[in-house]
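# Just a sequence and a predicted model for now, questions to come.
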Amino acid sequence: MDYHTYHPGDIVYVIIRNPHAQGVANVQEAAVVNHPEKPGELALFLYETYYPLTDEVAVFTNEAEANQEFESIFGTPEIEDYYG
């Protein structure tokens, strides 16, 4: 990913792990914003939190790409994974 191609206001999709259950991950929509504490830097805003926008984050421009990558990494989620 070349994170330099993103601009504030862009909507992107990321694969993010649940911080409370590391075995759980999902595709989440995020907004690219100006980092409020680091002038001149961009951040991803999701879950009411700012995350650094760096090459270490897999960012996708559309949900279909993100879902395809998610499935290649984690497989197709089973219904019972969501509902126990």
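Great, that's in hand. Numbering: from 1, shown residues only.
# which residues make contact with stretch 66-78 from outside it?
13-15, 25-27, 58, 60 (CB atoms under 8 Å, 6 or more residues apart in numbering). For every residue, glycine as well, the C-beta is placed using N, CA and C.
# for this structure, which residue is closest to the average position?
Val14 (2.0 Å; CA atoms, centre = their mean).
# Which of the helices or strands spans it?
Following DSSP states H and E, one finds Val14 within strand 11-18.
# Any buried residues in that strand, and which?
12-16 (16 or more other CB atoms under 10 Å).
# Let's test this: what are the backbone torsions at Gly9?
With angles defined as degrees, to the nearest 10, Gly9 sits at phi 100, psi -20.
# likewise Phe74?
Dihedral angles (degrees, to the nearest 10) for Phe74: phi -110, psi -10.
# go on, Ala43?
Taking degrees, to the nearest 10 as the convention, Ala43 sits at phi -140, psi 160.
# and if you look at Ser72?
phi -70, psi -30.
# Report the strands that pair with the strand holding Val14, each with its relative direction.
strand 21-34 (antiparallel), strand 59-60 (antiparallel) (DSSP bridges).
# for those strands, which one sits closest to Phe45?
strand 21-34 (4.7 Å; CB to CB).
# What residues sit buried inside that closest one?
27, 30, 32-33.
# Among those, find the lowest-pLDDT one for me.
Among these, Val27 has the lowest pLDDT, at 92.
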